[in-house]
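Visitor: All I have is the shape, not the residue letters:
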């Protein structure tokens, strides 16, 4: 199972591609950070992000895309740009016909470190260890994107079964 | 000058197409509300919104797109969806190669009613009058989108000159 994880951001957007199976060792395929210039107009920045993510999806042909869910409690100054970037990321996966799943930061932290309160350094350390990398991925946005992909692979099976059950229940019952 | 205005929303997204010139009478071309089902998954909703907006841009061939700017002070429960929808709207215009301009709600209100504090009823009344419509556009999301298009037409000239001056200053000076 190959997963493309996205840690959305308008100035720096982390992308990580990982291969693996639930409960098995994961393997790094590639990681990137897509940068857009804060001095540029919003349409130019969103267009660059869209093209970059669309190209990376086409290049790596993942079976699914995992995107970090954005909350409005985050930094108010940057949260709107982050939300817009996350919309572009979800859309890039959906336009390619891929299933897209979002995860909260706590879900990702718990999946790779065992604690929903883990800090950035812990995430980076665990991603480095889990993927057996010779050195930590830099910058941290890339490590977060890789953690998202690992989280999705490890939770993938369970999540899919739960989602399928929910769909069956919804189709059969009251909405 | 033909402008497509977008009042972004994930559940209801208003779209209004207007023709006119700064300081002249504006004419209605069409208006729409794109609906997405809150019971559907986010990727499906963003994909539907993207396709609908892309289709409307292709159908009406506007010279520019105007999108309402979203603020994080808005309703916290819906602001993330609204921000994602606004990102999709800006992207739809940019992907078509069109200039995209964002306006704050106050700028739009001031442009069509003379007051930045105008309420929804006032906006709807003025849009109905300015476009000489036989009855008010319904729902209100459509009226807001039409107001955005009118605002952009009326401010278009000034805004472009200011933007051009700013660009010249930026290119020539310190960043």
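Guide: Structure received. This is a predicted model, so every value here is computed, not measured.
Visitor: Let me know the average pLDDT across stretch A:150-167.
Guide: Average pLDDT, stretch A:150-167: 69.
Visitor: what do you get for stretch A:11-28?
Guide: 94.
Visitor: Just the buried residues of that stretch, please?
Guide: A:11-20, A:26, A:28 (16 or more other C-beta atoms under 10 Å in any protein chain shown). (Each C-beta comes from the backbone N, C-alpha and C, glycine too.)
Visitor: do the same with stretch A:34-53
Guide: A:34-36, A:41-43, A:45-50, A:52-53.
Visitor: can you put the residues you listed in a markdown table and add distance to residue A:135 and pLDDT?
Guide: As requested, the buried residues of stretch A:34-53 are exported to a markdown table (distance: C-beta to C-beta, whole Å; pLDDT from 0 to 100):
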| residue | distance to residue A:135 | pLDDT |
| --- | --- | --- |
| A:34 | 21 | 97 |
| A:35 | 21 | 97 |
| A:36 | 26 | 96 |
| A:41 | 37 | 94 |
| A:42 | 35 | 95 |
| A:43 | 37 | 96 |
| A:45 | 30 | 97 |
| A:46 | 32 | 97 |
| A:47 | 33 | 97 |
| A:48 | 28 | 97 |
| A:49 | 27 | 98 |
| A:50 | 31 | 98 |
| A:52 | 24 | 98 |
| A:53 | 26 | 98 |
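Visitor: of all those residues, which two lie farthest apart?
Guide: Using C-beta to C-beta, the pair of those lying farthest apart is A:41 and A:53, separated by 18.9 Å.
Visitor: Please work out the angle formed by the directions of the one helix or strand residue A:85 maps to and helix B:76-95.
Guide: Using DSSP states H and E, residue A:85 sits within helix A:76-95. Inter-element angle recorded for helix A:76-95 and helix B:76-95: 60 degrees (by axes from the mean of the first three to the mean of the last three C-alpha atoms, to 10 degrees).
Visitor: contacting residues around the next helix-or-strand element following helix A:76-95?
Guide: Next along the chain after helix A:76-95, taking DSSP H and E as the criterion, comes strand A:100-103. For strand A:100-103, contacts defined as C-beta atoms under 8 Å, 6 or more residues apart in numbering or on different chains pick out A:64-69, A:86, A:90, A:93-94, A:111, A:148, A:151-152, A:155, A:159, B:41-43.
Visitor: what do you get if the cut-off is 7 Å, keeping everything else the same?
Guide: Strand A:100-103 is contacted by residues A:64-69, A:90, A:93-94, A:148, A:151-152, A:159, B:42-43 when judged by C-beta atoms under 7 Å, 6 or more residues apart in numbering or on different chains.
Visitor: List the pairing partners of that strand within its sheet, with orientation.
Guide: strand A:64-68 (parallel) (DSSP bridges).
Visitor: Tell me the secondary structure of residue A:152, please.
Guide: helix (DSSP: H, G, I helix; E, B strand; the rest coil).
Visitor: Apart from its neighbours in sequence, what residue is nearest it?
Guide: Excluding its sequence neighbours, the residue lying closest to residue A:152 (C-beta to C-beta, 6 or more residues apart in numbering or on different chains) is residue A:66, at 3.7 Å.
Visitor: residues from chain A in reach of chain B?
Guide: A:39, A:42-43, A:46-47, A:50, A:70, A:72, A:76, A:79-80, A:83-84, A:86-88, A:90-91, A:93-95, A:100, A:102, A:175 (C-beta under 7 Å from any C-beta of the partner chain).
Visitor: Got a PyMOL select line for the buried ones in the residues you listed?
Guide: Typed into PyMOL, the line below selects the buried ones among the residues of chain A next to chain B, using 16+ other C-beta under 10 Å:
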select buried, chain A and resi 42+43+46+47+50+70+72+79+80+83+84+86+87+88+90+91+93+94+95+100+102
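Visitor: that older thread, just put the buried residues of stretch A:34-53 in a markdown table and tack on distance to residue B:134.
Guide: Listed next are these as a markdown table, based on distance: C-beta to C-beta, whole Å:
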| residue | distance to residue B:134 |
| --- | --- |
| A:34 | 49 |
| A:35 | 51 |
| A:36 | 45 |
| A:41 | 38 |
| A:42 | 36 |
| A:43 | 35 |
| A:45 | 41 |
| A:46 | 38 |
| A:47 | 39 |
| A:48 | 44 |
| A:49 | 43 |
| A:50 | 40 |
| A:52 | 47 |
| A:53 | 45 |
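Visitor: Just to be sure, which of these are found in helices?
Guide: Mapping these onto helices (DSSP state H) picks out A:42-43, A:45-50, A:52-53.
Visitor: ok so residue A:4 is a helix residue?
Guide: No: going by three-state DSSP, the assignment for residue A:4 is strand, not a helix.
Visitor: Distance of the nearest residue to it once chain neighbours are set aside relative to chain B?
Guide: Excluding its sequence neighbours, the residue lying closest to residue A:4 (C-beta to C-beta, 6+ apart) is residue A:62, at 4.0 Å. Relative to chain B, residue A:62 is positioned 14 Å away (C-beta to the nearest C-beta, to the nearest Å).
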